[in-house]
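Q: Sequence first, then the predicted structure:
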Amino acid sequence: MTNTAAPADAPPFDLFDLHVVRARHLTPNMVRVDFGGDDLTRMRSAGRDQRIKLFLPAPGQDAPHLPDNSDGTWYPAWQALDPATRGVMRTYTIRDLRTAPAELTVDFAVHGDEGPASRWALRAAPGDRVGVLAPVVTENVAYEFRPPADTDWVLLAADASALPAVAAVLAHLSPNVPVRAWIEVPDAADRQELPIGTDTEIVWLTASGTTPDAIRAATGLPEGTPYAWVAGESSTVKTIRRHLVRDRAIDRKRVNFSGYWRRGASEDNLLATNEDA
């Protein structure tokens, strides 16, 4: 891939017309989909929890209707599309972006036919077309994992929805950085082999909503100044952040937290308050 910089006045994100190359189950509740496309070589990623927007076709469509992004104002253009035909938009993490061949990998936490993205991922087949809004510059605003330079160790907490981001963060980190991670998955069979360093400890949890108590009970954490990244169900994330700031006395500026979904709320309702890329 030729790392050609985008023109200075070009939008930092652009739309890509992609297709499924392959899809398979990583675990019972995680589907990995690899995408290809003629202009995929223009896509960039900062690694870590790099966000993209995925556009799925509406029922009866072979490809999604994509908004105009010629001036970088894709979201108002997307809102202006007919809701009956504009399809479904969801936010996902780049799990991998490769150059040989040029492919984008996205991992989908699936939960049966509950939700259009889960339904789509479970049925994804080679040739299926999607749209993706992604960076065309490596440094961009659509990622949150930004530990300060004086960070001595990293704390990660996530559920299955944020597991792909955790995997990408671990791959990004230096192997010498101590990491303590708590990951909640639906079933023990959903555990994955993750990139680990010389001092990485991962606690896998399978009982829903138990991550805050598990972190409260943790002892023997590394010495020094931490940086915490917490993502998953909104109320659980807030509970963990409150504990880290109030009980563990971690500077709130060193605790990044993201609600990937909200119990009892639809994906569309959550998206309506979380559009940022």
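A: Perfect, thanks for sending it. Residues are numbered from 1 along each chain as shown.

Q: Go ahead and flag the most central residue of the chain.
A: residue 93 (2.7 Å; Cα atoms, centre = their mean).

Q: Contacts only, for that residue.
A: Residue 93 makes contact with 49, 50, 51, 52, 106, 107, 162, 164, 165, 168, according to Cβ atoms under 8 Å, 6 or more residues apart in numbering. Yep, even glycine has a C-beta here, placed from its N, CA and C like the rest.

Q: Residue ranges in the protein under the pLDDT threshold?
A: 1-10, 264-277 (pLDDT under 70).

Q: The longest strand along it: what's the following helix or strand?
A: Longest among the strand segments of the chain by residue count, using DSSP state E, is strand 13-27. As assigned by DSSP states H and E, the chain's next helix or strand after strand 13-27 is strand 30-36.

Q: chain center to that following strand, what's the gap?
A: Remark: strand 30-36 is offset 13 Å from the chain centroid, using Cα atoms, centre = their mean, to the nearest Å.

Q: i'd like the first residue to be 386 from this point on
A: Right, with 386 as the first residue, what we last looked at is strand 415-421.

Q: tell me the domain ranges of this protein?
A: When the chain is parsed with automatic domain parsing, its domains come out as 398-526, 538-646.

Q: So which of these is nearest residue 532?
A: Across the domains of the chain, residue 532 has its closest neighbour in domain 538-646 (3.9 Å, Cβ to Cβ).

Q: now the helices for the stretch 386-535 of the chain?
A: For the stretch 386-535 of the chain, the helices defined by DSSP state H, counting those that start in this stretch cover 459-465, 501-508.

Q: can you put these in TSV and add mean neighbour count and distance to residue 609?
A: Listed next are the helices of the stretch 386-535 of the chain as TSV, based on neighbours: other Cβ atoms under 10 Å; distance: least, Cβ to Cβ, whole Å:
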stretch	mean neighbour count	distance to residue 609
helix 459-465	15	40
helix 501-508	18	39
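
Q: Export the ones you listed as TSV, with columns for distance to residue 622.
A: Output for the helices of the stretch 386-535 of the chain, formatted as TSV (distance: least, Cβ to Cβ, whole Å):
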stretch	distance to residue 622
helix 459-465	24
helix 501-508	20
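
Q: so where do the strands sit in the stretch 536-662 of the chain?
A: Ranges of strands in the stretch 536-662 of the chain, per DSSP state E, counting those that start in this stretch, are 538-544, 564-569, 585-590, 611-618, 640-646.

Q: These: which one's closest to residue 472?
A: strand 640-646 (19.7 Å).

Q: now that closest one, how far from the chain's geometric center?
A: For strand 640-646, the distance to the chain centre is 11 Å (Cα atoms, centre = their mean).

Q: if I look at the closest residue to residue 549 other than its chain neighbours, how far off is residue 400?
A: Leaving out its chain neighbours, the residue that sits closest to residue 549 by Cβ to Cβ, 6 or more residues apart in numbering is residue 492, at 4.0 Å. Separation of residue 492 from residue 400 (Cβ to Cβ, to the nearest Å): 22 Å.

Q: Looking at the two, which has the bigger crowd around it?
A: residue 492 (24 against 20; other Cβ atoms under 10 Å).

Q: residue contacts, the more buried one?
A: 411, 415, 416, 417, 418, 478, 480, 548, 549, 552 are the contacts of residue 492 under Cβ under 8 Å, 6+ apart.

Q: Cheers, nothing more for now.
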